[in-house]
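Undergrad: compute the structure for the input listed below.
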Amino acid sequence: MFRKYNLFIKIPTWFLKVGSFDMLIFNLLAGRGDLKYVSGIRSCYRRHSEGITSRDHNMRDRLNIHRIFLWIKSADYIDRFSEKDIHSVSIMHFDQILRLSGRRGGISAIRDLFFFAPISLLKRPHLVKKFFFATFRYTP
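TA: Numbers count the residues shown, from 1 in each chain. Next comes the predicted model:
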């Protein structure tokens, strides 16, 4: 359950680049206040051929690239997430890219992230450095 908030006067264009819109909504809501755990099943997930996790743009490492993009862009709008949080979530997803696609996938992911969010990445040089080091140190 959440309250109606006027977060933006105009929806930012980067919202349209996010691969999983539910995670964007989750980030925006989490940035507005504390989350509370509610025990028990309150919803279900139905996987089908037209669902977001079945689409080509979210297969293999694409989903992880979208998640990194989502977190670094959300941090530009939401003060509640620390840079440490952004780094740890981004590194977790980047490690997943390396496991799925190896060094070549890591290099492609860095390129794609600079295409999607160049300013947001340039504000975080330590994160970019970690991506490069992780890519070149990766051994399958």
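Undergrad: need the contact list for residue 123.
TA: The contact partners of residue 123, taken as C-beta atoms under 8 Å, 6 or more residues apart in numbering, are residue 76. Glycine gets a C-beta too; all of them are placed from N, C-alpha and C.
Undergrad: phi and psi next, for it.
TA: When read as degrees, to the nearest 10, the backbone of residue 123 gives phi -80, psi -10.
Undergrad: how about residue 39?
TA: According to degrees, to the nearest 10, residue 39 has phi -70, psi 160.
Undergrad: next, count neighbours for it.
TA: For residue 39, the neighbour count with other C-beta atoms under 10 Å is 5.
Undergrad: one more: residue 121?
TA: 20.
Undergrad: any idea of the pLDDT on residue 138?
TA: Note for residue 138: predicted pLDDT of 86.
Undergrad: so the closest residue to it other than its chain neighbours is in which element?
TA: Nearest non-adjacent residue to residue 138, counting by C-beta to C-beta, 6 or more residues apart in numbering: residue 98, 4.8 Å away. For residue 98, the host element (DSSP states H and E) is helix 83-116.
Undergrad: good, wrapping up.
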